[in-house]
Structure formats: structure tokens, C-alpha cells
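Undergrad: build me a structure from this.
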Amino acid sequence: MKTIILTIALAISTFFLKAQTDDVASVEGTTITVTVPVASNEGNVIFGLYDENTFMKAAPIQGLEGEIIDGKATVTFTNVVPGTYGISLYHDKNGNKIMDFEPNGMPLEMYGVSNNVMSYGPPQWSDAKFEVNSAPIELEIRM
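TA: Alright, predicted model coming up:
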């Protein structure tokens, strides 16, 4: 009897999970194209798209690597649903896929955040956040 109830419960939960997956897949977002001027063509630029819960705390919602061509790196975040986001990026000059720091905590590699607010200390969510609706967005971020 327990086996039958468990089997029915699993079948029903599978149906609901499938329905939720279909709903998420049917939500189409917009694009955010980000361009950053870079002083040298060495390495790549690493971009991260964050929400308030992940900004400077966790892995990005979307992470991209942009090749530097003619002094610029450009990437496009796709399927971004409306909401509030922030972008951070850094020039990974040595190609190790991590931002390098001095022993005292100062960054060794150039970085930038959305809205181009540069202050002493780590970037703040309140400075970097911007709103996304259904229209495509194009940003230029300085390092």
C-alpha cells in the first residue's frame, strides 16, 4: 500500500515539476549588451550579471567572457527577465579567471560596475543597480 501511494505521489509531483519547467521556459526576457573599452588587448574581460541577493556575495546569475578586439570587449546577456540587476566586470589580463589582489586587498586588475560609479572600497549594490524591462539595453562600462 505504501508503495502505491509513493508511486502516485511521485507521478503527481513529476507532473507539477514539468509544468513549472514549461512555465519558466516560456518566459522570455530581453538582452543586455555591455561594451567596455580596454587599454590593452591582453587577456579577456569577465562579466557578471547579478541581482541584489548575489551582488558581491555569490556566483552571478549569468557570467560571460568577452574577447578584447580593437580595444573593446562586448558581450550580450540573453533572456534577462524584467527586474533589478547590477553588472560587474574585470580585465583578466593574465587569464586565470579570478580577480587578482595585492596582499593589502587592493585589486591588481582593472574593474568596473554598472552606472560607472567608482568609489573607494568594494562596489555597492545601491550604486550599481539598474532596472530592466522588456526593452533591450545597451551599456558602456568604464574601468
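Undergrad: which residue ranges form the helices in this structure?
TA: 2-26, 125-128 (DSSP state H).
Undergrad: worst average pLDDT in the ones you listed?
TA: If these are sorted by mean pLDDT, helix 2-26 sits at the bottom with a mean of 39.
Undergrad: just checking, Asn115 touches Trp125?
TA: No - using C-beta atoms under 8 Å, Asn115 makes no contact with Trp125, being 10.9 Å away. For the C-beta atoms, the positions are set from N, CA and C on the backbone; glycine is no exception.
Undergrad: contact partners for Glu102?
TA: Leu108 (C-beta atoms under 8 Å, 6 or more residues apart in numbering).
Undergrad: I'd like the numbering to begin with 383 instead of 1 from here.
TA: I'll keep to 383 as the first residue from here, and by that count the last item is Glu484.
Undergrad: phi, psi for it please.
TA: The phi and psi values for Glu484, taken as degrees, to the nearest 10, are phi -70, psi 160.
Undergrad: against Glu491, how distant is it?
TA: 11 Å (C-beta to C-beta, to the nearest Å).
Undergrad: do the same with Ala517
TA: Counting by C-beta to C-beta - Ala517 and Glu491 are separated by 32 Å.
Undergrad: same question for Val427.
TA: 10 Å.
Undergrad: more neighbours, those two?
TA: Val427 (28 against 18; other C-beta atoms under 10 Å).
Undergrad: excluding its backbone neighbours, what's nearest that one?
TA: Ala455 (3.9 Å; C-beta to C-beta, 6 or more residues apart in numbering).
Undergrad: can you report how many residues lie near that neighbour?
TA: Ala455: 25 neighbours (other C-beta under 10 Å).
Undergrad: how much space separates it from Gly425?
TA: With C-beta to C-beta as the criterion, Ala455 and Gly425 are 10 Å apart.
Undergrad: can you check Tyr502 too?
TA: Applying C-beta to C-beta to Tyr502 and Gly425 gives a distance of 25 Å.
Undergrad: got it, and Gln506?
TA: In terms of C-beta to C-beta, Gln506 sits 26 Å off from Gly425.
Undergrad: cool, and Ala440?
TA: In terms of C-beta to C-beta, Ala440 sits 24 Å off from Gly425.
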